[in-house]
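Chemist: Got a sequence here, can you model it:
(2 chains)
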Amino acid sequence: MYACKFYIKIPRKNKNYFITSRRLTQVRWSRYNAQYLEPEVNRELLQKSWDELSEEEKAEQELKAVRPIKAAPSNVTSSVFSDPMISKFTNMMMRDGNKVLARSLMAQTLEAIKRKQLEKYHQAPEHEKDKIECNPYVIFHEALKNCQPVIGLCSITRGGKTYQVPVPLTDNRKRFLAMKWLITECRENKHRRTLMPEKLSQELLQAFHNEGAIIKKKHVLHKMAESNRAYAHFRWW
Amino acid sequence: MDGLYSSWRQKKRPPLLRPTRPLVLANKVANRREQPGEATCITEMSVMMACWKQNDFNSSACAEEIRMFHDCVAKAEKERREQAEKAEEDTWGLRENLTSSKANKLLRRFPNITRYV
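Modeler: This is a model prediction of the structure:
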């Protein structure tokens, strides 16, 4: 922490600055200075030989010889089992910083999905066995992709009235909305005695087959956007 | 200030402008909205929505239109970013008009000195 004589907190764009007697002091953010580089976690890149790298990658590697590197955070691994989408989803499920619980719930969800699919697989006749997807990671990714909305709504005020204008969404926003809908749906609309992994696995399997409450929510959003398509010209970007 | 009061004797009317503060240039310019842009990809969006209406909002049936919409959006985004970068790097270029933010930055470096201590 930097010492400061008196400070006023102002709601600036970057909220992590305090004004101290007309100079800005950085508070509560990264302790690394600008020289530090991010650690390389990607295994495939590390296994490539020097000749196989492209020009930019070679330049990057040469830079790493002279610059210090940040410590890798604990949620970042180079293991084959780590998946950034699953990590993001676990973090969104986490409450009060209880990562242990969130991770165990995620593991139980994936196990539940696998069990259900295996049951279906063993009960299905021979010619249908190929169509049943048993990999829970594939099901998770496919379900999330099906839940992502294509177009969103944005409130734009014109002449005193606020209109809901259809607006294209960025990839990050789509992913966030899909995950958020999934989690809120599973938290609110379940029976008191069903556990989260059970409900989540049900919702994920339904989303994988393009059914269920979250897909319906997505369709409702699309319908709203479609009904408001006359206001699309209010956008300026 | 002379221009206001000098010709009073001839015109026999008091000056029209009575400045409440001294007429001194401030060290900032007002925010000016640069050419409100237009909404991009509207045709793609309307095509996609027509397809949705026909196929009852089924995503798999309209995959082609959705893909075209996404491509259009990505292209518009890239263009906008390139334009912003171009405007950014041409900061002290001698174009006719500066944006208000650049004018403010210049004025902050070379302000109008009003007080002498």
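
Chemist: which residues does the residue of chain A found nearest chain B contact?
Modeler: Using CB to the nearest CB, the closest approach of chain A to chain B is made by residue A:235 at 3.8 Å. Just so you know, the C-beta spots here come from the backbone N, C-alpha and C atoms, and that holds for glycine as well. For residue A:235, the contacting residues are A:154, A:156, A:165, A:167, B:39, B:40, by CB atoms under 8 Å, 6 or more residues apart in numbering or on different chains.

Chemist: And those, which is the shakiest by pLDDT?
Modeler: Within these, residue B:39 has the lowest pLDDT, namely 82.

Chemist: per-residue pLDDT, the nearest residue to that residue once chain neighbours are set aside?
Modeler: Leaving aside its sequence neighbours, residue B:39 sits nearest to residue A:235 (CB to CB, 6 or more residues apart in numbering or on different chains; 3.8 Å). Residue A:235 is assigned 87 on the pLDDT scale.

Chemist: Spell out which parts of chain A neighbour chain B.
Modeler: Applying CB under 8 Å from any CB of the partner chain, we find that chain A lies next to chain B at A:146, A:150-151, A:166, A:168, A:210, A:219, A:222-223, A:225-226, A:229, A:232-237.

Chemist: Filter the residues you listed down to the buried ones.
Modeler: Those of these that meet the buried threshold are A:146, A:150-151, A:166, A:168, A:219, A:222, A:225-226, A:229, A:232, A:234-235, by 16 or more other CB atoms under 10 Å in any protein chain shown.

Chemist: Tell me which of those fall in helices.
Modeler: A:146, A:219, A:222, A:225, A:226 (DSSP state H).

Chemist: hey, where'd the helices end up in chain B?
Modeler: With DSSP H as the criterion, chain B has helices spanning B:2-5, B:8-11, B:42-55, B:63-89, B:100-109.

Chemist: Would the last one count as contacting chain A?
Modeler: No - between helix B:100-109 and chain A, judged by CB under 8 Å from any CB, nothing touches; the nearest distance is 13.2 Å.

Chemist: Dump the C-alpha coordinates for that helix into CSV.
Modeler: The C-alpha trace of helix B:100-109 is given here as CSV (Å, rounded to 0.1, in the frame of the first residue of the first chain):
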residue,chain,number,x,y,z
SER,B,100,-12.3,17.3,-28.0
SER,B,101,-10.3,14.7,-26.1
LYS,B,102,-7.1,15.5,-28.0
ALA,B,103,-7.7,19.2,-27.7
ASN,B,104,-8.0,18.8,-24.0
LYS,B,105,-4.8,16.8,-23.7
LEU,B,106,-2.9,19.4,-25.6
LEU,B,107,-4.4,22.2,-23.5
ARG,B,108,-3.5,20.3,-20.3
ARG,B,109,0.1,20.3,-21.4
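
Chemist: who touches that helix?
Modeler: With CB under 8 Å, 6+ apart, helix B:100-109 has contacts from B:27, B:28, B:29, B:30, B:31, B:32, B:91, B:98.

Chemist: ok, back up a step: which of the contacts of residue A:235 sit farthest apart?
Modeler: A:156 and B:40 (15.2 Å; CB to CB).
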